[in-house]
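In: no sequence for this one, just the structure:
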């Protein structure tokens, strides 16, 4: 439900705006999102004892030089007690920027770090497959295989050693 509400706010904010404007909005809102992640900031913003006008003034004071559209947007969020949507709104704007640029970021999860040549080859092949520019971050974990996740595209590709072993054992047993 929170995501649906945030998407409506983002749609209203970005309607008819250029990529440059959207990136500017994201920059401002990302600064607020980083501050919002601090417990002290949340306590101030979500406190029922502080007037909405004071909350608005405080939030705006965190931004050096913001656009009137962002000022109005933040005012609407504060007046409607929707400032808690800020992290979701930032995620949605980041997604909208990715879609407009046709550039996506994903993760490749492996047990050991992969070399840059292999990573580049994987990025090229996946980019070609999805007709987008895709860059992957290598995350080293205890995953027994390789997993590629591109959240914004809703893609997850995995190759598990354990699953391969199980399938080979099943195939051998069927052959006997």
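Out: That came through, no problem. This is a predicted model, so every value here is computed, not measured.

In: and the nearest residue to residue 14 once chain neighbours are set aside, how many neighbours?
Out: Using Cβ to Cβ, 6 or more residues apart in numbering and skipping the chain neighbours, the partner closest in space to residue 14 is residue 22 (5.6 Å). C-beta here means a position set from N, CA and C on the backbone, and glycine is covered the same way. Using other Cβ atoms under 10 Å, residue 22 has 19 neighbouring residues.

In: go on, residue 28?
Out: 20.

In: ok, now residue 98?
Out: 17.

In: Please give me every residue in contact with it.
Out: Residue 98 is in contact with 104, 105, 152, counting by Cβ atoms under 8 Å, 6 or more residues apart in numbering.

In: Drop anything exposed from those.
Out: For the contacts of residue 98, a burial check counting by 16 or more other Cβ atoms under 10 Å picks out 104, 152.

In: of the contacts of residue 98, closest to residue 13?
Out: residue 152 (18.8 Å; Cβ to Cβ).

In: Give me the residue ranges of the chain where confidence is low.
Out: For the chain, no stretch is flagged by pLDDT under 70.

In: Tell me where it has strands.
Out: Applying DSSP state E to the chain gives strands spanning 103-110, 133-140, 145-150, 155-160.

In: mind putting those strands in JSON lines, distance to residue 49 included?
Out: Below are the strands of the chain laid out as JSON lines (distance: least, Cβ to Cβ, whole Å):
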{"stretch": "strand 103-110", "distance to residue 49": "40"}
{"stretch": "strand 133-140", "distance to residue 49": "42"}
{"stretch": "strand 145-150", "distance to residue 49": "42"}
{"stretch": "strand 155-160", "distance to residue 49": "45"}
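
In: nearest to residue 120, of those strands?
Out: Across the strands of the chain, residue 120 has its closest neighbour in strand 133-140 (9.2 Å, Cβ to Cβ).

In: Which residues does that closest one contact?
Out: 101-114, 119, 122-123, 126-127, 148, 150.

In: Swap in 7 Å and give it another go.
Out: Defining contact as Cβ atoms under 7 Å, 6 or more residues apart in numbering, one finds that strand 133-140 is touched by 102-110, 112-114, 119, 122-123, 126-127, 148, 150.

In: same deal with stretch 151-159?
Out: With Cβ under 7 Å, 6+ apart as the criterion, stretch 151-159 contacts 95, 98, 104, 130, 145, 146, 147, 148, 149.

In: give me the beta-bridge partners of the third one?
Out: In other words, residue 104. residue 134 (DSSP bridges).
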